[in-house]
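In: with the sequence up front, the predicted model follows.
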Amino acid sequence: MSTPLTGFRELTQAVSTQLATLRADMPEVMKGFSDMARAATKDGALDKKAKELIALALGVAVRCDACIGFHVQALVQLGVTKAELEEALAMAVYMGGGPSLMYSANAMAAFAEFSAAK
């Protein structure tokens, strides 16, 4: 397992800093992305937690540590349980094989880090 930088909190803070630069340099693109994210994550037939679990599984499948960090952080804020997280990760592993298993380990590290800080 390769945890980025020194942890997921540091990773998400570093990425957020870089995203602020992009917001200043590409405001229309970033606004469009934010609008899409807001529309996709609002409660509907699926609640926000279910949607964040899907986003986490996709982040694991595409091997994106920053995605894992941001979505686990959101899930902890939404009250995800370890069991819920592990079931979503099991689906990611089922669909993505060994690489998804390795990134699932990263997701569990992020969960431990963000849960401890809660």
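Out: It's in.

In: tell me the spacing between the residue of the chain most remote from its centre and Leu19.
Out: Distance from the centre of the chain peaks at Asp25, with 24.2 Å (C-alpha atoms, centre = their mean). Asp25 sits 11 Å away from Leu19, taking C-beta to C-beta, to the nearest Å as the criterion. (Each C-beta comes from the backbone N, C-alpha and C, glycine too.)

In: ranges for the strands of the chain?
Out: For the chain, applying DSSP state E gives no strands.

In: contacting residues for the residue nearest in space to the middle of the chain?
Out: The centroid of the chain falls nearest to His71 when counting by C-alpha atoms, centre = their mean (2.3 Å). Taking C-beta atoms under 8 Å, 6 or more residues apart in numbering, we find His71 in contact with Glu52, Ala55, Leu56, Gly59.

In: does the first one touch Asp43 like I think?
Out: No. The pair Glu52 / Asp43 is not scored as a contact, 11.6 Å apart, by C-beta atoms under 8 Å.

In: those two: who's more crowded?
Out: Taking neighbours as other C-beta atoms under 10 Å, Glu52 and Asp43 compare with Glu52 leading, 23 against 10.

In: so the more buried one versus Asp25, what's the distance?
Out: Relative to Asp25, and taking C-beta to C-beta, Glu52 is found at 28 Å.
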